[in-house]
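Asks: when you get a sec, could you give me coordinates for this:
(one chain, ligands or ions: 1)
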Amino acid sequence: MEAPSWFLLFIALLASLAFLSGIFIRRRGKQLKFPPGPKPWPIIGNLNLIGSLPHQSLHKLSQRYGQLMHLKFGSYPVLVASSAEMAKEFLKSHDQIFATRPPHAAGKYVTYNYSDMLWAPYGPHWRQGRKICQNEIFSSKRLESLEYILVQEMSAFVSRLYGLSGKPVVLKEHLSSLSLSVMCRMVLGKNHFSVSGNDQLGSNSILSLQEMLEILDEFFFLIGVFNVGDWIPWLNFLDLQGNIKRMKALKKKLDRFHDHVFDEHKRKKKGLGKDFVAQDMVDILLQLADDPDLDVKLTYDALRGLTLDLVTAGTDTMAVNVEWVVSELMKQPQLITKATQELDRVIGRERWVEEKDIPQLPYLDAIMKETMRKHPVAPLLPPHMAMKDCNVAGYDIRKGTRVLINTWSIGRDPSLWEQPEEFRPERFLERNIDVKGQSFELLPFGAGRRMCPGYNLGLKMIQLSIANLLQAFNWKLPDNTKLEDLSMEEAPGITSPRKFPLVAVIEPRLPIHLYEI
Ligand code: HEM
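Replies: Numbering: from 1, shown residues only. Alright, predicted model coming up:
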């Protein structure tokens, strides 16, 4: 077929998809009021939106149609909240009604039929998971006892990078391997993968680091993919996009990995008998699974689902965030100078930054917050869903309505942020804004009942990584890359990483003996 015919076919396909799935903005006269403005256009017909990522398209639409938009997407009504006030309505004032998640193919096929926490519906299983996180897994005492892992892995990470001084380094690869090592050791007790084909961990490693990272990439792709069947359920039977097939294949790999991990932990527990003491998060879960007083029995699926959450949730999020930090700083080298001056003043050049130093580094904190504002890791937060009919800020909302909180849009709201497109950490030195779900203008971890339970650990990992990377190295672009060519485009997905990985050349800036471990 000649090119124009392909084009016509493509347009016809888009039109029929739009018709079939009903992807258009609706005025719902009696139920939802819209601000006055031009008559809404079908999203598909709006050229301005083609090629944008979902959060960017929704941002453009919200600029035209207001802070609360009502869309009809496939079979379901969807509300998009694009202002801090609306986010507060859903995540605070009416938090309980919106504390569930909609059904989702990945929740069914990958995360053990919603037996994890992220995709679990609001109910006894989810409540118990949150309680376990709060009291057992992320308690201050537990995190303190695991702190040595972060320190050891951070120092190995800096040392590995030091070995690459002077050469172009793909930063994200190293950040992912750092966060994966930290999470695996904290959750599973050890890495469970071999580094660079050289199995430093003994014969029990079942995957290479590369295989593990590929599994994680596939996992993040599939839980964030736009799967048409999630919006028009009967299409899941046809699996036109092939996502369900991929989900089932991924689950098989995850099953093999989980079986290995749990068998090993059970063997260790049996071997130690009465002397057994829980050392990692899987040990804790297994102990709880034997507890007859637990409100809801922890099934094998629940053990696998919760473990999967714990390993994956902190891995990509941290790497995505820190890669954006370094990219933004490289665009404005004077900001690196300011940050390193602070580090030199507070810590000096003879020792590494430690967790206890973090509160004395306000500029570093401002850099982290400014990155979270401009590049929120979860730009639409995982979807929330109304559990019953309700009225929010004067709008009648039906049970089953999906709610997307566009934190990307809130971070660009000119009524909240002066010149929002500029990366300017100083704005956070002037205002006391928290990232723990209390300030609705900045919600990197969400807020309310479904807020990230691992935010404490996530923050520690992010703060220490930024501080170490800035303290340890001078940063420049490879010789063949100009500053103006450093793209800041985002890639699609449930998280929003850089589209093109950052490649940088690093040089040590502290005495050489500090890098040797
Ligand atoms: C490193 C930075 C991190 C960021 C930016 C982040 C962000 C988020 C966000 C935005 C949510 C959804 C909140 C909502 O729906 O309103 C979430 C949920 C969640 N996060 Fe994190 N997270 C991070 C680290 C972690 C870590 C280290 C863990 C655990 C080891 C974790 C475990 C979870 C879990 C289990 C949920 C689901 C909670 C639920 O639905 O009840 N996260 N996270």
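
Asks: the ligand contacts on the stretch 251-400 of the chain?
Replies: 309-310, 313-314, 317-318, 377-378, 381-382 (CB under 6 Å from any ligand atom). (Glycine included, C-beta is placed from N, CA and C.)

Asks: up against the ligand, what does this protein have?
Replies: Counting by CB under 6 Å from any ligand atom, the residues of the chain close to the ligand are 117-118, 309-310, 313-314, 317-318, 377-378, 381-382, 444-446, 450-454, 457-458, 461-462.

Asks: those in helices, which ones?
Replies: 309-310, 313-314, 317-318, 457-458, 461-462 (DSSP state H).

Asks: quick check: closest non-adjacent residue to whatever residue of the stretch 251-400 of the chain ends up closest to the ligand.
Replies: Here the residue of the stretch 251-400 of the chain nearest the ligand is residue 314; by CB to the nearest ligand atom that distance is 2.6 Å. Once flanking residues are discounted, residue 314 sits nearest to residue 183: 5.0 Å by CB to CB, 6 or more residues apart in numbering.

Asks: just residue 59 next, same as before
Replies: residue 409 (4.2 Å).

Asks: residue 221 now?
Replies: Take residue 221 and drop its neighbours on the chain: the residue closest to it by CB to CB, 6+ apart is residue 493, 6.6 Å away.

Asks: could you report the neighbour count for the one you found?
Replies: Residues near residue 493, counting by other CB atoms under 10 Å, number 21.

Asks: one more: residue 159?
Replies: 14.

Asks: with residue 489 instead?
Replies: 8.

Asks: what helices and strands are in contact with whichever strand or helix holds residue 256?
Replies: Following DSSP states H and E, one finds residue 256 within helix 243-272. Judged by 3 or more CB pairs under 8 Å, 6 or more residues apart in numbering; DSSP states H and E, helix 243-272 is in contact with helix 105-109, helix 209-224, helix 281-289, helix 300-331.

Asks: any idea how far residue 511 lies from residue 517?
Replies: Using CB to CB, to the nearest Å, we find residue 511 at a distance of 14 Å from residue 517.

Asks: ditto for residue 260
Replies: The spacing between residue 260 and residue 517, counted by CB to CB, is 29 Å.

Asks: looking at those two, which is more packed in?
Replies: residue 260 (16 against 10).

Asks: from residue 69, how far out is that one?
Replies: 46 Å.

Asks: just residue 492 next, same as before
Replies: Residue 492 sits 20 Å away from residue 69, going by CB to CB.

Asks: looking at these two, which is more packed in?
Replies: Applying other CB under 10 Å to residue 492 and residue 69 shows that residue 69 carries more neighbours, namely 23 against 17.

Asks: partner strands of the helix or strand where that one lies, with direction?
Replies: Using DSSP H and E, residue 69 maps to strand 68-73. When pairing is defined by DSSP bridges, strand 68-73 lines up against strand 24-25 (antiparallel), strand 76-81 (antiparallel).

Asks: hey, which of those strands is tucked in deepest?
Replies: strand 76-81 (a mean of 23; mean count of other CB atoms under 10 Å).

Asks: tell me the centre residue of this structure?
Replies: In the chain, the residue lying closest to the centroid (CA atoms, centre = their mean) is residue 317, at 3.9 Å.

Asks: low pLDDT regions in the stretch 401-517 of the chain?
Replies: Scanning the stretch 401-517 of the chain for pLDDT under 70 picks out no residues.
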